[in-house]
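[1] when you get a sec, could you give me coordinates for this:
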Amino acid sequence: MAAFHGRCNDRRGLLLTAAFAFLSLILSIPNGAPPLHLAPKRPVVDTYHGEEVTDDYRWLENWNDTEVRAWSDAQNRYARAVLDSLPARVAIERQVARLRSWESPSYGGLCVRLGRTFALKDQPPKEQATLVVLDSVDDPSTERTLVDPNTIDPSGSLTIDWFVPSWDGALVAVSMSRNGSESGDLHVFDVATATERHGDVVPRVNSGTAGGSLGWRTDGAGFWYTRHPSLADVNGNEDDLGFFQKIYFHRLGGLVASDVCKLGKELPRVAENFLESSENGGFVLDLVEKGDGGEFELFLLDPVGGAWSKVASYDDRVIGARFAPDGALWLLSRKDAPRGKILRLDPGARDLGQARTILPEGPATIGAFEGTRSGIWIVEQLGGPSRLRHFDVDGRDLGEVAILPVSGVNSLVRAGADEILFNNQSYLQPAGWYRLDADNQVKRTALCETSPVDMSGIEALRLTAVSMDGTRVPMTVLERRGTKRDGNNPTLLTGYGGFDISMLPYFNKVWPVWLEQGGVIAVANLRGGAEFGEDWHRAGARTNKQNVFDDFIACAETLVQEKITRPARLAIQGGSNGGLLMGAALTQRPRLFRAIVAEVGYFDMLRYETRPNGVFNNTEYGSVANLAEYRALKAYSPYHRVRQGAGYPPTLFMTGANDPRVDPMHSRKMVARLQEVGATALLRTSGSTGHGGGTPLKENIAEDVDVYTFLFSELGVTYRPVVE
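    Numbers count the residues shown, from 1 in each chain. Modelled structure (predicted):
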């Protein structure tokens, strides 16, 4: 135990401060609420590079400990009592349920085989999305259900992780997992009869650490797939179960136990494999990411010799690969091109030196792309909104495609030799699928969502904040037309800033709950994402992570300076890496915000890599094993920045007990530390969800109700039910 250093008067003052803090917590408990269980302190001292760091709540990391579960349950009861006592909860729940349960279906994960379209259909009031097949994307009456997790498990706990149809469309492989765990097993279904081939169930194809993927043989007789180790494979070491993902081949009708590893011994411990097979010729590619930091190797399988060759190494900076219909490879590379360039490797070629540069780096960042027989479509962006462009096989510009204003193109799907389906949505218009031909003619399909409310009175404005180092940071502000700049608007700011992920414009069907009460929503495009290419990403990663927090704080300050809001009317919300962002904002500028919602976030950055997925995140955040990275991690680690008397705003922490990506121990420890210094911190742990994937509809509704009830109460907004 670390020794106490200080004078007796200092110690007495600390004790008095703690006593007053505890008293304030007791007085804040609603009538009828259970007592708040402050966590006992049990110090553990670690030494990093000669520096001792005390961790008082290490014991809260062990979820298998009955005392930890009892403390978490008590926190849940307390949070429930507080949230359930807040005003207008019933009316808010009615509106959230109406918006979330809007009957217009959404379609995702589209995949086209011989003219038929496979898709995941999310259709309220069903708890989980179903796998369907359509003969025509213009005629929903041709739709047929293939796999319905809601029928297999009426509790709503079963979800489809991903699916891949065979090239002839006769079979479809489906990964399914339970309770948000993302631990998926593979099932094969006959498309004609919608029945399962029970002899071809493959375990451990997907995980929350490395995901999973699959590529069919051209003749449909089998497939290459990702597999995670069993306990026997790792000699009983449970800590290794989330690592060592390898590639196996399964022949339909054969014994899964006899499947042979085809690629894996040469891969890193934190390999994440993205498989794709070619439509013709039987070629297979495997784009292997080393953890989550954007470093890739590319392997290609020769169907004749059956051997894998490495086409690109980490230094080649190939971050994307797609087969063209003729078997050629379209590649997205960032080597000497941080915003990306497009290469084409002819069919059968193995040497990256033989690749032709079709599209050199330009002023915009290249994101998604899809190759066809005669050319390629690419999605570009400069700061957030998308642009869709078309080029021929020699790189000649065939023009820009008309899409929604200030919108995001989220997916490109090859629907024929020279036809593309793309998903487009904006902050004001729901997602829809559109058909695009070689002449750049766009036609709306029947797979388009409708909005549950009229958004014509809302406008999307682009503003720019200036960060601490002078970097200009864009953000989008959503507000009702004619909103006054009087500093009194309740405002909700969100952001992410990490893992090379851009915040594309998207339609959130629950945001009207906020907007219809006169609220403003702001979405920040922070460093750490890909909005301006790899340089923008790297400027917010590893030892540069503080830039992300500076950017976010600058956006908040700009909202105040522009008199859109003021600190007493400003709330922030973020999840996952965005949850870390919330923790950083909370501990670095607590008086800038009135309320915070932090979902499934990292908070103890000295211990995050002690969990499997934390190791995958090393390439993004850095490691305590490196002195410079340790210093950066400790400097911003929210858990280690909590101080007495800082005036922290009320914060709602939300997590899922089955989260495979960010261990819920982060939320437990952060809440314990905040409550220790007298801050209002609520901990809401869902026992039936994980990181967000696979969350059933009823739980999504419950989460939204808690968030908006909490925020309206803290910002002093009197909720006025909307006339339906």
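
[2] hmm, L158 is touching M176, no?
    Yes. Shown here, L158 and M176 form a contact pair, counting by Cβ atoms under 8 Å, at 5.9 Å. Every residue, glycine included, has its C-beta placed from N, CA and C.

[3] show me the common contact partners of those two, please.
    Here L158 and M176 share the contacting residues P149, scored by Cβ atoms under 8 Å, 6 or more residues apart in numbering.

[4] between the two, who's got more neighbours?
    Between L158 and M176, M176 has the larger neighbour count (other Cβ atoms under 10 Å), namely 24 against 21.

[5] bridging residues for the more buried one?
    Beta-bridge partners of M176, counted by DSSP bridges, are I160, D185.

[6] show me what contacts it?
    Here M176 is in contact with 149, 158-161, 184-185, 187 (Cβ under 8 Å, 6+ apart).

[7] now do the SS call for L428.
    Classification of L428 using DSSP: H, G, I helix; E, B strand; the rest coil returns coil.

[8] need the pLDDT of the nearest residue to it once chain neighbours are set aside.
    Nearest residue to L428, sequence neighbours excluded (Cβ to Cβ, 6 or more residues apart in numbering): M455, at 4.6 Å. The model reports M455 with a pLDDT of 96.

[9] with G293 instead?
    pLDDT, G293: 87.

[10] same thing with the one 10 residues further on?
    Looking at P303, its pLDDT reads 75.

[11] that one and D259, how far apart?
    18 Å (Cβ to Cβ, to the nearest Å).

[12] the more surrounded of those two?
    Just comparing P303 and D259: by other Cβ under 10 Å the higher neighbour count belongs to D259, 17 against 13.

[13] give the contact list for that one.
    202, 227, 248-250.

[14] and these, which is closest to A446?
    Using Cβ to Cβ, V202 comes nearest to A446 of the contacts of D259, at 34.2 Å.

[15] who does that closest one bridge with?
    Listed by DSSP bridges, the beta-bridge partners for V202 are L186.

[16] next, count neighbours for it.
    V202 is flanked by 21 other residues according to other Cβ under 10 Å.

[17] surely it touches R227?
    Yes. Between V202 and R227 there is a contact at 7.3 Å, judged by Cβ under 8 Å.

[18] can you tell me what sits against stretch 92-103?
    By Cβ under 8 Å, 6+ apart, the list of residues contacting stretch 92-103 from outside reads 123-125, 450, 452-453, 509-510, 512-513, 697, 700-701, 704-705, 708-709, 712, 719, 721-722, 724.

[19] that stretch: which residues count as buried?
    92-93, 95-100, 102 (16 or more other Cβ atoms under 10 Å).

[20] only alpha carbons, please: show that stretch as CSV.
    Taking Å, rounded to 0.1, in the frame of the first residue of the first chain, the C-alpha atoms of stretch 92-103 are listed here in CSV:
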residue,chain,number,x,y,z
ILE,A,92,-40.7,10.5,-23.4
GLU,A,93,-41.0,6.7,-23.5
ARG,A,94,-44.1,6.9,-25.6
GLN,A,95,-42.4,9.1,-28.1
VAL,A,96,-39.2,7.1,-28.2
ALA,A,97,-41.1,3.9,-28.7
ARG,A,98,-43.1,5.5,-31.5
LEU,A,99,-40.0,6.6,-33.4
ARG,A,100,-38.0,3.4,-32.8
SER,A,101,-40.9,1.3,-33.8
TRP,A,102,-41.7,3.2,-37.0
GLU,A,103,-43.0,0.6,-39.4
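
[21] report the rounded mean pLDDT for it.
    Rounded mean pLDDT across stretch 92-103 is 96.

[22] repeat for stretch 49-60
    Here the average pLDDT along stretch 49-60 is 98.

[23] quick one, strands of the stretch 251-400 of the chain?
    260-263, 271-277, 284-290, 296-301, 308-312, 318-323, 329-333, 341-345, 356-359, 365-371, 375-381, 386-392, 397-401 (DSSP state E, counting those that start in this stretch).

[24] neighbouring strands for the fourth one, and are they parallel or not?
    Spelled out, that is strand 296-301. strand 284-290 (antiparallel), strand 308-312 (antiparallel).

[25] contact partners of that strand?
    The contact list for strand 296-301 (Cβ under 8 Å, 6+ apart) reads 224, 262-263, 283-290, 307-314, 316-319, 321, 329, 331, 350.
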